[in-house]
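> pasting the structure only:
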């Protein structure tokens, strides 16, 4: 199997590249897919918020693992903090998260 060479050209930042793909999907799909398109945009925004909106070539598998771990911890902390729907929506999910998200321990 041939080794792939790293891409050295200027690549766009994640949010720009993702929006190009999402816009193309939105054009190809019908109105019933608006919720799906909105979820893709939210996922891209949350990834950029947690990991950073870096150039595509600067992201690593560790970034994806850090993102997944961070989301898992956010969900777990939100579930422990509240039981009822009314109290769940009144408190921010990210409350109590300090420090570097790459230094997350379960």
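Perfect, I can see it now. On a predicted model such as this, the values are computed, not experimentally measured, just so you know.

> Check which helices and strands the helix or strand residue 23 falls within is in contact with.
Residue 23 belongs to helix 14-28 when assigned by DSSP states H and E. Where contact means 3 or more CB pairs under 8 Å, 6 or more residues apart in numbering; DSSP states H and E, helix 14-28 is packed against helix 34-51. Glycine gets a C-beta too; all of them are placed from N, C-alpha and C.

> any idea of the mean pLDDT for the next helix or strand after the helix it packs on?
Next along the chain after helix 34-51, taking DSSP H and E as the criterion, comes helix 61-81. Averaging pLDDT along helix 61-81 gives 85.

> ditto for stretch 14-22
On average, stretch 14-22 scores 95.

> Okay, buried residues for it please.
Of the residues in stretch 14-22, those buried by neighbour count under the rule 16 or more other CB atoms under 10 Å are 14, 18, 22.

> Domain boundaries for this structure, per the record?
For the chain, automatic domain parsing gives the domain ranges 12-59, 60-93+102-106.
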